[in-house]
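> Next come a sequence and a model predicted from it.
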Amino acid sequence: MSVPGKDTLHMLAVFHYVIAGLIALVACIPLIHLTVGLSLTVGAITGDEPVLGIVGAVFTLVAALIILIGWGLAVFIFFVGRNLDRQTKYQFCMIGAGVLCIFMPLGTILGVFTLITLQEDSVKALFNRNEASGELSEDSRNN
């Protein structure tokens, strides 16, 4: 079995960037509901009926919440990919790989491969070495 190294982590990071983009794109789908909800709330469609205004406000809030959660997850997965590429923040990458398993089927495949790769001793050594050198550079900046 070959030893995963920086190339494997870089490839996983690129796939994390792609999945983050897909998640952000899918999170844009509720923009349609947000537009309809805003139209109902403002009264462009309702004709001054307060019940439809309340329904529009609920549409707007739910759509905005879904969009914000989706974009937040996309940013999270993007930062996981960046940390994989830099071989820093091991626990953050492990948590991100676990969260990525929620997004079936591509996210699950990528999350499982990332978890398996992060369990290798050589990869743990890369992360430990980079985190130790990061601590040394932070200590030298503080002094």
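Sure thing, it's come through.
> Could I get the full set of helices for the protein?
Secondary structure of the chain (DSSP state H): helices at 6-26, 31-42, 50-86, 90-100, 106-118, 121-142.
> just for the chain, where's the confidence low?
1-4, 44-48, 134-143 (pLDDT under 70).
> coming back round to it: okay, the helices of the chain in TSV with mean neighbour count next?
All C-beta atoms are positioned from the backbone trio N, CA, C, and that covers glycine. Formatted as TSV, the helices of the chain follow (neighbours: other C-beta atoms under 10 Å):
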stretch	mean neighbour count
helix 6-26	17
helix 31-42	16
helix 50-86	17
helix 90-100	18
helix 106-118	17
helix 121-142	12
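> Spatially nearest residue to the most centrally placed residue in the chain (excluding sequence neighbours)?
Compute the mean C-alpha point of the chain, and by C-alpha atoms, centre = their mean the closest residue is residue 77, 2.7 Å away. Nearest non-adjacent residue to residue 77, counting by C-beta to C-beta, 6 or more residues apart in numbering: residue 20, 4.1 Å away.
> who's in contact with that neighbour?
With contact set as C-beta atoms under 8 Å, 6 or more residues apart in numbering, residue 20 has these partners: 74, 75, 77, 78, 81.
> now the closest residue in space to the last one that isn't next to it in sequence: how far from residue 88?
Beyond its immediate neighbours in the sequence, the residue positioned closest to residue 81 (C-beta to C-beta, 6+ apart) is residue 16, lying 2.9 Å away. Distance of residue 16 to residue 88, given as C-beta to C-beta, to the nearest Å: 14 Å.
> now do residue 30
For residue 30, the distance to residue 88 - C-beta to C-beta - is 33 Å.
> Comparing these two, which shows the higher neighbour count?
Taking other C-beta atoms under 10 Å, residue 30 and residue 88 do not tie; residue 30 has more neighbours (19 against 16).
> Tell me how far the more buried one lies from residue 59.
In this view, residue 30 and residue 59 are 9 Å apart by C-beta to C-beta.
> now do residue 33
Distance of residue 33 to residue 59, computed by C-beta to C-beta: 6 Å.
> ok, now residue 125?
Distance from residue 125 to residue 59, by C-beta to C-beta: 51 Å.
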